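Asker: A predicted structure for the sequence below; I have some questions about it.
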Amino acid sequence: MTPVVSADPVRFTDLLWDASENVRRAIDDLEFLRLLGAGTLPLDAFRRYLEQDSLYLSGYVKSLSLLAARAPTPIAGAFWASAAASAMDEASSHKAMLTGGSLPSSTATPEPSPACLGYMSYLTATAATEPYPVAAAAVLPCFWIYADVGRSLAEAAKTVLDHDPDHPYARWVAAYDAPEFHAIVDAAKTFVDDAAAAATLDQREQMIDAFVVASRYELMFWDSALHPTPWPLAESAVYA
């Protein structure tokens with residue numbers, strides 16, 4: 001699928017990336033990602049991440065589907081709908097890793113963490129109620145930051161994966177540093193650039209805010225895999 005090429009020589013997405021610089025630096029410094037790149041992340045933390053990401057992806061699919069329905073052109077709508085289908089495939093890949101025997105088994109039914117539920121709710125509400133350009137900017141960090149992290153982790157994990165290609169994290173790192181995934185990210189950026197070109201000045205300001213908020217949720221989501229924040233009174237809740 002060939003996205004519409006923006007005629008604006010200054011990419012609005014570069015402004016979004018610059019606006020989130022401090023958040024992205026904090027993501028790069030996360031202990032979770034450093035241990036993941038070194039291949040030393042505790043397996044239970046990686047399982048927790050996959051479980052939460054599987055739950056998150058169910059909400060992300062809804063957000064992308066809402067965005068596809070509100071897209072201003074058939075080409076844009078088709079792209080976001082295709083991205084929603086790709087997210088469903090990603091969730092299936094997570095399930096395969098969770099049940100493949102390389103990670104600790106668990107009989108508990110996962111529930112969304114505060115960070116996961118907050119992120120899902122924010123994206124769904126934005127996709128459903130905000131102008132299309134703002135919604136497009138809100139869903140972009142999940143594409144772009146994952147690609148950026150995947151590229152960094154691939155470099156950090158190269159020695160680990162060369163020594164053990166079947167390492168439990170190998171498939172994850174490979175998926176997010178794959179050329180196919182980066183091509184999808186590049187297309188998403190172009191559609192957001194096109195949305196910005198058609199947006200009002202107020203909407204463009206909202207796009208920056210939405211991108212930064214979603215980036216902050218990315219930071220919280222990554223960190224919660226290694227440093228989970230339990231729900232208040234989660235262990236003592238009584239149901240009538």
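Answerer: Here it is on my side, so go on. Residues are numbered from 1 along each chain as shown.

Asker: what about the longest helix in the chain?
Answerer: Taking DSSP state H as the criterion, the chain has its longest helix at helix 132-163.

Asker: chain center to the next helix or strand after that one, what's the gap?
Answerer: Later in the chain than helix 132-163, the nearest helix or strand by DSSP states H and E is helix 170-176. Its chain's C-alpha centre and that of helix 170-176 lie 14 Å apart, by CA atoms, centre = their mean, to the nearest Å.

Asker: hmm, who's touching helix 170-176?
Answerer: Helix 170-176 is contacted from outside by 90, 93, 97, 146-147, 149-150, 153-154, 157, 161, 164, 181, using CB atoms under 8 Å, 6 or more residues apart in numbering. Quick note: C-beta positions are derived from backbone N, CA and C, even for glycine.

Asker: kindly indicate which of those residues lies nearest Ala188.
Answerer: Ala147 (9.5 Å; CB to CB).

Asker: how near is Thr126 to Phe211?
Answerer: 11 Å (CB to CB, to the nearest Å).

Asker: in stretch 222-230, what's buried?
Answerer: 222-226 (16 or more other CB atoms under 10 Å).

Asker: can you give me the end-to-end span of it?
Answerer: 15 Å (CA to CA, to the nearest Å).

Asker: pull the number of nearby residues for the nearest residue to Trp231 once chain neighbours are set aside.
Answerer: Nearest residue to Trp231, sequence neighbours excluded (CB to CB, 6 or more residues apart in numbering): Pro114, at 6.4 Å. The number of residues packed near Pro114 is 14, by other CB atoms under 10 Å.

Asker: residues in contact with Pro114?
Answerer: Per CB under 8 Å, 6+ apart, neighbours of Pro114: 224, 229, 231.

Asker: next one: Glu111
Answerer: Neighbours of Glu111 in contact, by CB under 8 Å, 6+ apart: Leu55.
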